[in-house]
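Asks: Predicted structure and sequence below. I'll ask about it afterward.
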Amino acid sequence: MRDLFDRILENKGPLGKWASQAEGYFVFPKLEGPISNRMKFKGKEVITWSVNDYLGLANLPEIRKADAEAAAEYGSAYPMGARMMSGQTDLHEQLEDELATFVGKEKSYLLNYGYQGIMSVIDALLDRKDVVVYDSECHACIIDALRMHLGKRYVFPHNDIENCEKQLQRATKLAEETGGGILLITEGVFGMTGDQGKLKEIVALKNKFDFRLLVDDAHGFGTMGTTGAGTGEEQGVQNQIDLYFSTFAKSMASIGAFIAGDADVILFLRYNMRSQMFAKSLQMQLVKGALKRLEMLRTRPDIKDKLWENVNALQNGLKENGFDIGNTQSCVTPVYLEGSIPEAMALVRDLRENYGIFCSIVVYPVIPKGLILLRLIPTASHNLEDVRITLDAFSSIREKLNNGTYKRLSEGVAAST
Ligand SMILES: Cc1ncc(COP(=O)(O)O)c(C=O)c1O
């Protein structure tokens with residue numbers, strides 16, 4: 001037998017092993033100042049392209065005021081206890097009604113966090129006889145939920161509808177044997193690559209197979225569709241999504257989440273979702289803050305228009321300059337470059353230190369070896385000058401990547417350590 005801590009200290013995990021080189025810079029960086037298009041990193045102003053505050057609500061005066069007033073009125077404790085016990089209020093119910101109306105569903109229910117909330121939704125829906133079919137690039141919270149599932153699950157390669165159909169055939173065969181049902185899970189917008197889930201095609205499969213569809217629309221809520229009701233609205237199939245989920249952590253610039261669907265299904269979830277039955281109710285500050293944010297989503301379409309003006313300027317500019325931005329169909333803007341991990345590190349350092357551009361970087365094993373993914377999140381708080389500076393910077397770093405500057409720089413660092 002060995003000490004548990006010996007093992008974890010020896011093998012720190014795929015990301016943890018980089019901690020000593022990356023901590024505070026590539027991982028756990030500290031962005032300071034009010035959330036906006038320009039923030040401070042290590043004391044210097046940077047154009048911030050890595051915050052999911054799509055609509056720029058985080059720091060709008062109306063929002064800050066609503067948050068402050070709610071905090072002054074309620075403090076951060078009220079209400080105490082789980083919703084079921086002593087944490088129920090009229091405002092929680094009002095927010096749920098307004099959210100349901102906004103996304104075109106009968107009812108919705110609040111979740112304290114998206115991650116644990118959707119895990120609990122999936123856990124409550126399924127029993128061991130049920131079969132799950134899901135997209136291979138679903139978010140970690142969905143994968144974790146499926147780890148708890150005692151029945152069978154079939155994965156289809158990302159957005160591969162032909163294969164999805166095959167998995168539905170297998171799932172149908174099995175569910176007929178077990179007497180269970182089928183849940184298909186995908187996302188509205190995939191947060192890493194920006195492509196949309198093929199909701200229309202998946203919904204069409206309902207003509208051939210019996211299944212229920214759960215969509216995680218964390219990145220689509222507030223950004224996609226004519227009214228901002230999400231990717232289902234964008235693709236004209238919102239009414240075919242059986243359960244619609246979104247977090248407040250992106251367009252709503254807050255904490256919390258919700259699940260929406262038919263009234264009887266939401267009633268079942270209210271009485272069976274362990275993460276909500278056995279956890280404190282969402283605090284009032286957040287509920288009132290969410291009501292205000294939702295009001296902005298409904299009444300200020302100009303904010304979404306501004307977001308898309310920035311998205312289009314950035315994405316078109318990148319494409320015109322010959323950058324590969326993959327297959328994005330949303331605000332999420334990936335830029336794919338070729339290079340090693342040390343080159344990627346030197347490049348990101350250069351972008352931050354010398355060009356004042358802060359964006360997230362993704363490398364192997366999250367994406368294939370030899371690729372560097374720089375992920376940019378345009379928001380309504382950016383402007384065309386931010387886009388122009390960024391496009392110039394990107395052209396310049398690409399030239400340095402191609403002429404070996406980052407290779408030499410990274411070799412220099414390796415040699416001196
Ligand atoms: C697709 C997706 N689902 C769920 C979550 C989790 O939401 P939360 O941050 O509210 O826990 C995230 C990240 O925020 C996400 O990107």
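Replies: It's in.
Asks: what's the residue in the chain positioned nearest to the ligand sitting at in phi/psi?
Replies: Proximity of the chain to the ligand (CB to the nearest ligand atom) peaks at residue 114, 2.4 Å away. All C-beta spots, glycine's among them, are computed from the backbone N, C-alpha and C. When read as degrees, to the nearest 10, the backbone of residue 114 gives phi -60, psi -40.
Asks: okay, now it: neighbour count?
Replies: Neighbour count for residue 114, taken as other CB atoms under 10 Å: 23.
Asks: Just the local confidence number for it, please.
Replies: You'll see residue 114 listed with a pLDDT of 97.
Asks: Alongside the ligand, which residues does the stretch 151-300 of the chain contribute?
Replies: Within the stretch 151-300 of the chain, the positions lying close to the ligand (CB under 6 Å from any ligand atom) are 187, 191, 216, 218, 247, 249, 257.
Asks: need the residues you listed in a markdown table with neighbour count, can you?
Replies: Converted to a markdown table, those look like this (neighbours: other CB atoms under 10 Å):
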| residue | neighbour count |
| --- | --- |
| 187 | 27 |
| 191 | 19 |
| 216 | 31 |
| 218 | 26 |
| 247 | 26 |
| 249 | 17 |
| 257 | 28 |
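Asks: For the protein, which residues score under the pLDDT cut-off?
Replies: Across the chain, the ranges flagged by pLDDT under 70 are 412-417.
Asks: got the residue ranges for the strands in this structure?
Replies: All strands of the chain, identified by DSSP state E, fall at 31-32, 38-41, 44-48, 107-111, 131-135, 153-156, 182-187, 212-216, 243-247, 257-261, 333-338, 357-358, 360-362, 371-376.
Asks: Using CSV, lay out the ones you listed together with distance to residue 305.
Replies: Formatted as CSV, these follow (distance: least, CB to CB, whole Å):
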stretch, distance to residue 305
strand 31-32, 26
strand 38-41, 21
strand 44-48, 21
strand 107-111, 26
strand 131-135, 30
strand 153-156, 35
strand 182-187, 24
strand 212-216, 24
strand 243-247, 20
strand 257-261, 25
strand 333-338, 18
strand 357-358, 25
strand 360-362, 25
strand 371-376, 19
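Asks: so which of the ones you listed gets nearest residue 56?
Replies: Smallest distance to residue 56 across those (CB to CB): 11.1 Å, for strand 44-48.
Asks: In its sheet, which strands sit next to the closest one, and in what direction?
Replies: If you go by DSSP bridges, strand 44-48 pairs up with strand 38-41 (antiparallel), strand 357-358 (parallel).
Asks: mind checking how far that strand is from the chain centre?
Replies: Per CA atoms, centre = their mean, to the nearest Å, the displacement of strand 44-48 from the mean C-alpha position of its chain is 23 Å.
Asks: With stretch 54-66 instead?
Replies: The mean C-alpha position of stretch 54-66 is separated from the chain mean by 19 Å, CA atoms, centre = their mean.
Asks: Over to stretch 122-140?
Replies: Centroid separation for stretch 122-140 versus its chain: 18 Å, with CA atoms, centre = their mean.
Asks: Start and end of that stretch, how far apart?
Replies: For stretch 122-140, the first-to-last residue distance is 13 Å (CA to CA, to the nearest Å).
Asks: returning to what we had before: make CSV out of the strands paired with strand 44-48 and add mean neighbour count and distance to residue 71.
Replies: Listed next are these as CSV, based on neighbours: other CB atoms under 10 Å; distance: least, CB to CB, whole Å:
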stretch, mean neighbour count, distance to residue 71
strand 38-41, 17, 23
strand 357-358, 24, 29
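Asks: Let me have the ones you listed in TSV, extended by distance to the ligand.
Replies: Putting these into TSV (distance: least, CB to the nearest ligand atom, whole Å) gives the following:
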stretch	distance to the ligand
strand 38-41	19
strand 357-358	19
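Asks: Arrange those in CSV, one row each, with distance to residue 205 as further columns.
Replies: Output for the strands paired with strand 44-48, formatted as CSV (distance: least, CB to CB, whole Å):
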stretch, distance to residue 205
strand 38-41, 44
strand 357-358, 41
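Asks: can you pull the contacts of residue 298?
Replies: 102, 227 (CB atoms under 8 Å, 6 or more residues apart in numbering).
Asks: any idea how far it is from residue 104?
Replies: Distance of residue 298 to residue 104, given as CB to CB, to the nearest Å: 13 Å.
Asks: And residue 199, by the same measure?
Replies: Residue 199 sits 14 Å away from residue 104, taking CB to CB as the criterion.
Asks: shared neighbours of those two, which are they?
Replies: Joint contacts of residue 199 and residue 104 (CB under 8 Å, 6+ apart) are residue 232.
Asks: Please say which of these two ends up with more neighbours.
Replies: Using other CB under 10 Å, the more surrounded residue of residue 199 and residue 104 is residue 199, with 25 against 17.
Asks: so that one touches residue 186, yeah?
Replies: Yes. Contact criterion CB atoms under 8 Å: residue 199 and residue 186 qualify, at 7.2 Å.
Asks: list residues touching both of those two?
Replies: 213, 215.
Asks: Ends of stretch 240-249, what's the gap?
Replies: In stretch 240-249, first residue to last residue: 25 Å (CA to CA).
Asks: List the contacts of it.
Replies: With CB under 8 Å, 6+ apart as the test, stretch 240-249 has contacts from 52, 103, 105, 113-115, 117-118, 121, 125, 199, 203, 206, 212-218, 220-222, 230, 232, 238, 254-262, 265, 286, 290, 293.
Asks: For residue 329, give me its contacts.
Replies: Contact analysis of residue 329 by CB under 8 Å, 6+ apart lists 189, 194-196.
Asks: most neighbours, which of those residues?
Replies: Ranked by the number of neighbours (other CB under 10 Å), these place residue 189 first, at 27 neighbours.
Asks: Would you quantify the distance from it to residue 44?
Replies: 31 Å.
Asks: what does stretch 50-66 contact?
Replies: Contacts for stretch 50-66 (CB under 8 Å, 6+ apart): 31, 34-37, 39, 219, 222-223, 249-253, 288-289, 291-293, 296-297, 303-304, 306-307, 331, 358-360, 375-377, 379-382.
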